[in-house]
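Participant: Can you look at this prediction? I've put the sequence above it.
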Amino acid sequence: MYKAIGVIELKSIPKGVEATDAALKSAGVNVVSAHPACPGKYEIILTGSISNVTAAVQHVQSKFDGYIIDTSTMGRIDEQVIKALFGTQTCERKGSLGLIETYSAATTIKAADIAVKTARVEIFDLRVSRGMGGKGVIMITGEVGDVTASCEAAANYAISSGQLSSQAVIAAPHEDLWAQL
């Protein structure tokens, strides 16, 4: 079970590998994933207690400040977000569809957590960085009012961190659109 998640994005692959090592040596954290991402970014996802994850993220920020693109630390992350990150989230293709696109994986993951904690929605899909030019996208479903509220909350977070690319809510997606998603 993931207690807390820390996400760090760097603009250098060698510095990303070095930062992963520094994070692991600085606090009692484990790596969920650490890998290059598009375009030339390096993403690190850490887990552990909130205090250890916070300490590791802060250590990396202080040591690699000039290479940091974005960071996020989340305690009590919603299980839907974890499942979606690992591609194990299942969701029916029904209801309204909300989409939030950001410029960073850290913001995407935090925005997804905010979205599912704001209203009764389900994550339909969550994609970060790979094959998307470094962007991330969240797709949520549910009743139109819930989807709208969740998208607004997630987008407001992304706006506050300067990472929102775009957002949309489709009240009743066409059947053929669902088949393409």
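Facilitator: Sure thing, it's come through. Numbering: from 1, shown residues only.

Participant: Which helix in this protein has the most residues?
Facilitator: Longest helix of the chain, by residue count under DSSP state H: helix 144-160.

Participant: How much space separates the residue sitting nearest the centre point of the chain from residue 170?
Facilitator: Compute the mean C-alpha point of the chain, and by CA atoms, centre = their mean the closest residue is residue 109, 1.5 Å away. Taking CB to CB, to the nearest Å as the criterion, residue 109 is separated from residue 170 by 23 Å. Every residue, glycine included, has its C-beta placed from N, CA and C.

Participant: Which parts of this structure are helices?
Facilitator: Defined through DSSP H, the helices belonging to the chain, from first to last, are 13-26, 50-63, 79-85, 105-118, 144-160, 175-180.

Participant: Report how far apart the opening and closing residues of stretch 87-107 are.
Facilitator: Using CA to CA, to the nearest Å, the end-to-end distance of stretch 87-107 comes out at 18 Å.

Participant: and that stretch, which residues are buried?
Facilitator: 89, 91, 95-107 (16 or more other CB atoms under 10 Å).

Participant: Which ones among those residues lie within strands?
Facilitator: Residues of those located in strands (DSSP state E): 96, 97, 98, 99, 100, 101, 102.

Participant: Of these, just say which sits nearest to residue 114.
Facilitator: The shortest separation between residue 114 and any of those is 9.5 Å, and it belongs to residue 100 (by CB to CB).

Participant: nearest to residue 3, of the buried residues of stretch 87-107?
Facilitator: Each of the buried residues of stretch 87-107 was checked against residue 3 using CB to CB; the closest is residue 106, at 17.9 Å.

Participant: For residue 123, which residues are in contact?
Facilitator: Residue 123 sits next to 80, 81, 83, 84, 89, 91, 112, 115, 116, 138, 139, 140 when contact means CB atoms under 8 Å, 6 or more residues apart in numbering.
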